[in-house]
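# Fold the stuff below for me.
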Amino acid sequence: MPKINVYLPDDLADAVKEAGVPVSAVCQRALEQAVRRVTAIRETPLADLDGEPAGALAHFTAKARTVLKLAVEWARAAGAPRLGTEHLLGAVLDEGTNLALHVLRAMEIEPEQVGRELGRRTPEVRGADVSDSDPRRFDGPAANALEFAVTEATSLGHNYIGCEHLLLGLVTEPDGTAGRVLRSMGADPKLARRAVTAALAG
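So this is what the prediction gives:
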C-alpha cells in the first residue's frame, strides 16, 4: 500500500501524540470524503439547480447553489463554451449577500473594484467550437477551483461548501482569470484563509 507523508505543525503534532489520535485512520477517512466530493463535483452537470440538491450539490449551501446558477447564466450570456472561474467570481459578486463579499471587504478589497477588474481581464469569446459547447460544465480551472473549495472546507472542518470556500478555491487556483484578478488585488491564499476564519468566528 503506497504511503503519503503528512506534515503537521510542531504544536499540533505534540497534541496529537499526547491525545493518542489515530492519525492514519483520521487522515484516510478525511481523504476518502474529500475524494468523493471532488469526484462528484467534476462529474456534475449543472442541469437543474432549482430542484432539491442531490449528489455533489447536496454539500453546497443555498447561496453557493445560487452562485452556481448565476455562473451558468454568466457563461451563457458571454457565449462561453464552458463555465470558467471568471463566471464563478462574477456570480459571487452578483449574488450580493454572501460571506465571500464580507471577506473581500475585510481584506480591504471592494467587490465593485473586483467586478471592474474582472470585466477588464475576462477573455472575449470568439468563434468558440459550439459542437462541444456546454456552459453547464466546468472548464479545467473552474473544476480545479471547486476542488480547492472542497479541500478548503475540509481543512476548516466544515461539512458544507459556502461562498467563502468558493472564494478560497478561486484565490488558490493558479490558472483561471478569477484567481489572477483576486491575487493582483492583494487576496493571496494565506490572507484569504485568515479573513475567512475571522469572519466565521464573528
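# just for this protein, where's the confidence low?
Low-confidence segments of the chain, defined by pLDDT under 70: 1-4, 6-8, 33-34, 36-56, 123-136.
# contacting residues for the spatially most central residue of it?
Closest to where the C-alpha atoms of the chain average out (Cα atoms, centre = their mean) is Leu166, at 2.7 Å. Listed by Cβ atoms under 8 Å, 6 or more residues apart in numbering, the contact partners of Leu166 are Ala64, Val67, Leu88, Val92, Ala100, Ala145, Leu146, Ala149. In this view, the C-beta of every residue, glycine as well, is placed from N, C-alpha and C.
# And the furthest pair within those?
For those, the maximum inter-member distance is 13.9 Å, found between Ala100 and Leu146 (Cβ to Cβ).
# ok, and the nearest residue to Val23 once chain neighbours are set aside, which helix or strand is that part of?
Sequence neighbours aside, Val16 is the residue nearest to Val23 in space, at 6.1 Å (criterion: Cβ to Cβ, 6 or more residues apart in numbering). Applying DSSP states H and E as the criterion places Val16 in helix 10-19.
# and if you look at Lys69?
When elements are assigned from DSSP H and E, Lys69 belongs to helix 62-78.
# list the buried ones in that helix?
63-72, 74-75, 78 (16 or more other Cβ atoms under 10 Å).
# Could you check how far it is from the centre of its chain?
Helix 62-78 has its C-alpha centroid displaced from the chain centroid by 13 Å (Cα atoms, centre = their mean, to the nearest Å).
# That one - contacts with which helices or strands?
helix 85-95, helix 163-172 (3 or more Cβ pairs under 8 Å, 6 or more residues apart in numbering; DSSP states H and E).
# List the buried residues in the first one.
Think helix 85-95. In terms of neighbour count (16+ other Cβ under 10 Å), helix 85-95 has its buried residues at Thr85, Glu86, His87, Leu88, Leu89, Gly90, Ala91, Val92, Leu93, Glu95.
# Now do that helix against helix 62-78, angle only.
120 degrees (axes from the mean of the first three to the mean of the last three Cα atoms, to 10 degrees).
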